[in-house]
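Asker: prediction below, plus the sequence it came from.
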Amino acid sequence: MKKTCNGCKAEISINKILRCELGYRVRHAKHKGIYTGIVPTEECPKPKTWDEYYHQIYLKVKGE
């Protein structure tokens, strides 16, 4: 599983449950009380380029 969401093109939406635009759950990470970033809580593709991001959106819309 990916360790952080750094570099991922899918933005995080803040609702009752933190989720990225691709629908994967994420959480805020802290180390000794200091905020260190956002961490995925389930396996995700982590698209780092816009081409990968739009490909994942296409797969999500298509239902694969």
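Answerer: Noted; the coordinates are in hand. Source: prediction; values computed, not measured. Numbering: from 1, shown residues only.

Asker: looking at this structure, which residue ends up farthest from its center?
Answerer: Most distant residue from the mean C-alpha position of the chain: Lys32, 23.1 Å away (C-alpha atoms, centre = their mean).

Asker: doesn't Asp51 fall inside a helix?
Answerer: Yes. Under DSSP: H, G, I helix; E, B strand; the rest coil, Asp51 falls within a helix.

Asker: what about it, neighbour count?
Answerer: 10 (other C-beta atoms under 10 Å). Just so you know, the C-beta spots here come from the backbone N, C-alpha and C atoms, and that holds for glycine as well.

Asker: check the one 5 residues further on too.
Answerer: Applying other C-beta under 10 Å, we find 19 other residues in the vicinity of Gln56.

Asker: shouldn't it be in contact with Pro47?
Answerer: Yes. Under the criterion of C-beta atoms under 8 Å, Gln56 makes contact with Pro47 at 5.3 Å.

Asker: quick one: low-confidence parts of this structure?
Answerer: Low-confidence segments of the chain, defined by pLDDT under 70: 1, 15-16, 64.

Asker: ok, and the closest non-adjacent residue to the residue most central in space within it?
Answerer: Centroid-nearest residue in the chain, with C-alpha atoms, centre = their mean: Cys20, separated by 4.5 Å. In space, Cys20 comes closest to Ala10 once its chain neighbours are excluded; the distance is 4.1 Å by C-beta to C-beta, 6 or more residues apart in numbering.

Asker: what do you get for Glu21?
Answerer: What sits nearest to Glu21 in space, not counting adjacent residues and going by C-beta to C-beta, 6+ apart, is Ala10, at 4.3 Å.

Asker: which of the helices or strands spans His19?
Answerer: Rather than His, residue 19 is Arg. Under the criterion of DSSP states H and E, Arg19 resides in strand 18-20.

Asker: what's the very next helix or strand once past that strand in contact with?
Answerer: Downstream of strand 18-20, the first helix or strand assigned by DSSP H and E is strand 26-31. Residues outside strand 26-31 that contact it (C-beta atoms under 8 Å, 6 or more residues apart in numbering): 4-5, 12, 18-20, 35-41.

Asker: what does stretch 11-20 give?
Answerer: For stretch 11-20, contacts defined as C-beta under 8 Å, 6+ apart pick out Cys5, Cys8, Ala10, Glu21, Arg25, Val26, Arg27, His28, Ile38, Pro40, Cys44.
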